[in-house]
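Asker: Pasted the sequence and its predicted model underneath.
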Amino acid sequence: MRRQYWVLRGREAIRRHQHNCRECQQWRAKPNVPKMADLPLSKLRIYKPPFYSTGVDCFGPFIVKIGRRTEKRWGIVYKCLTTRCVHLDLLESLDTDAFLLSLRRFIGRRGTPFELLCDNGTNFVGGERELREAFEAMVPELQDQLAKQKISFQFNPPSAPHFGGAWEREVRSVKTALRVILREQSVPEPVLQTVLIEVEGILNAKPLGYVSADAADPDPITPHVLLMGRRDSSLPQALYDSSGVLGTRRWKHSQVLADNFWSTFIRRYLPSLQGRSKWQTDGQQLAVDQVVLIVDPQLPRALWPVGKVVETYPGADGRIRTATVKIKDRTYVRPVARLIQLPKISDTEDSTN
């Protein structure tokens, strides 16, 4: 065509066509991710005990040797979203009973958390349902006494692992350490449990924030300061005297360590969380009746389902990050990062399809 005619603003016409063409967007468009939100309250629980706000996730499986046979085991990680403390445990299966038993062991060692953040795994959903039904079956007088001990479950939207990036990144660290130690070999179950606890100690000794190379700078804070009263479990106990007249009582010593942790946490580590590493600009927000293409990494792009947004869920800052999409007669809750906006389908085209 260009050999016979001089096309005016041809590139603009093609881009305009690709922007409005539904088939072109189905093959070329990407999701419009909103700007990264402010820090959630779970990361700002200052002066609260460790694991007050906890994220939980499962990982695995691992092959263990029991006699002459081999079985599968799974790991579960509990991550304090404020102090970055880590608690690891071993699961025999991924059912509800195994999760509830692990939760009881976690509460017995670390205390009852105020809230648990997790994905929509069947073991987590079933555990929350059983705990809720057991609480509702109690008499009103007992409910009033145990109301403060209730654990608030907060579930992430389906297919949204970036909603739990804090503990998903910790799963990667655990897998990296296990890959170095075990080297893809199957070991007895007590050995695997011991290795998990050792990996837990390594992760809790990880410094929070940047570690300076200057010897005059103070030592970086670690989760071990709150959990064990020292910066590393492999090092001997050290006495941090802030006033010079501590005395001999250990509770004063532990209080000085906790105060030192929180003061350093607020001054050095918390400001580093304010920066937005990605998602720094806002895209076009979803609206009701918007036609969207649902991203499914397990299917080819040509087979991704197309649906219509029936409800949106704005966050605390007013930005929409989750929506309910209707596909035929079923509805699905999906994050905006998994939805590609398409041009609206006219009534005639819809009836033809």
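Answerer: Cool, got the structure.
Asker: For residue 269, report the pLDDT, please.
Answerer: As predicted, residue 269 sits at a pLDDT of 82.
Asker: Roughly how far does the residue nearest in space to the middle of the chain sit from residue 155?
Answerer: Central residue check for the chain by Cα atoms, centre = their mean: the C-alpha nearest the mean position is that of residue 164, 1.4 Å away. In this view, residue 164 and residue 155 are 10 Å apart by Cβ to Cβ, to the nearest Å. In short, each C-beta sits where N, CA and C put it, glycine included.
Asker: so what sits against both of these two?
Answerer: Counting by Cβ atoms under 8 Å, 6 or more residues apart in numbering, the residues touching both residue 164 and residue 155 are 118-119.
Asker: Distance from the helix ranked longest in the chain to the middle of the chain?
Answerer: Longest helix in the chain by number of residues (criterion: DSSP state H): helix 165-182. In terms of Cα atoms, centre = their mean, to the nearest Å, the centre of helix 165-182 is set 14 Å apart from its chain centre.
Asker: pLDDT below threshold where in the stretch 201-350 of the chain?
Answerer: Counting by pLDDT under 70, the ranges of the stretch 201-350 of the chain that qualify are 212-218, 230-254, 344-350.
Asker: Tell me which stretches of it form helices.
Answerer: Taking DSSP state H, counting those that start in this stretch as the criterion, the stretch 201-350 of the chain carries its helices at 224-227, 250-264, 347-352.
Asker: Quick check: residue 111 touching residue 48?
Answerer: No: under the criterion of Cβ atoms under 8 Å, residue 111 lies out of contact with residue 48, with a separation of 10.6 Å.
Asker: can you list contacts of stretch 269-287?
Answerer: Contacting residues not belonging to stretch 269-287 are listed as 32-36, 39, 43-44, 208-210, 221, 292, 309, 312, 319-320, 323, 336, 339, 341 [Cβ under 8 Å, 6+ apart].
Asker: now, which of those residues lie within strands?
Answerer: Among the contacts of stretch 269-287, the members falling in strands are 292, 309, 312, 320, 323, 339, 341 (criterion: DSSP state E).
Asker: roughly how far is stretch 148-162 from the heart of the chain?
Answerer: Distance of stretch 148-162 from its chain centroid, counting by Cα atoms, centre = their mean, is 9 Å.
Asker: quick one, phi psi at the nearest residue to residue 35 once chain neighbours are set aside?
Answerer: The spatially closest residue to residue 35, leaving aside those adjacent along the chain, is residue 282, at 4.8 Å (Cβ to Cβ, 6 or more residues apart in numbering). Residue 282 has phi and psi values of phi -100, psi 140 when expressed as degrees, to the nearest 10.
Asker: How many residues are close by residue 282?
Answerer: Applying the criterion other Cβ atoms under 10 Å, we find 11 residues in the vicinity of residue 282.
Asker: do the same with residue 291
Answerer: The criterion is other Cβ under 10 Å. On that basis, residue 291 has 18 neighbouring residues.
Asker: Touching the helix or strand just after the longest helix of the chain from outside, list them.
Answerer: Along the chain past helix 165-182, the next helix or strand (assigned with DSSP states H and E) turns out to be strand 187-188. Counting by Cβ under 8 Å, 6+ apart, the neighbours of strand 187-188 from elsewhere in the structure are 64-66, 195.
Asker: change it to 10 Å
Answerer: 62-67, 181, 193-195 (Cβ atoms under 10 Å, 6 or more residues apart in numbering).
Asker: Where do the helices of the stretch 1-150 of the chain begin and end?
Answerer: Read by DSSP H, counting those that start in this stretch, the stretch 1-150 of the chain holds these helices, from start to end of the chain: 10-20, 22-28, 96-110, 122-136, 140-146.
Asker: Scan the ones in strands among the contacts of stretch 269-287 and report the most crowded one.
Answerer: Going through those with other Cβ under 10 Å as the criterion, the one with the most neighbours is residue 323, at 25 neighbours.
Asker: State the distance from it to residue 298.
Answerer: Using Cβ to Cβ, one obtains 21 Å as the distance from residue 323 to residue 298.
Asker: Could you do residue 14 as well?
Answerer: From residue 14 across to residue 298, the span is 32 Å (Cβ to Cβ).
Asker: Can you pick out the residue with more neighbours from these two?
Answerer: For residue 14 versus residue 298, neighbours defined as other Cβ under 10 Å are more numerous around residue 14 (12 against 5).
Asker: how near is the more buried one to residue 168?
Answerer: Plainly put, residue 14 is 40 Å away from residue 168 if you go by Cβ to Cβ.
Asker: so where is the stretch 51-200 of the chain shaky, pLDDT-wise?
Answerer: Judged against pLDDT under 70, the stretch 51-200 of the chain has no low-scoring part.
Asker: which outside residues touch stretch 19-29?
Answerer: By Cβ under 10 Å, 6+ apart, the list of residues contacting stretch 19-29 from outside reads 14-15, 17-18, 291, 293, 301-302, 304, 306, 340-345, 349.
Asker: residues contacting residue 34?
Answerer: Taking Cβ under 10 Å, 6+ apart, we find residue 34 in contact with 279, 281-286, 314-315, 317-321, 336-337.
Asker: Out of those residues, which is nearest to residue 175?
Answerer: Using Cβ to Cβ, residue 337 is the member of these that sits closest to residue 175, with 23.4 Å.
Asker: Quick check on the residue nearest to residue 177 when sequence neighbours are not counted: phi, psi?
Answerer: Sequence neighbours aside, residue 199 is the residue nearest to residue 177 in space, at 4.5 Å (criterion: Cβ to Cβ, 6+ apart). Dihedral angles of residue 199 (phi, psi; degrees, to the nearest 10) stand at phi -60, psi -40.
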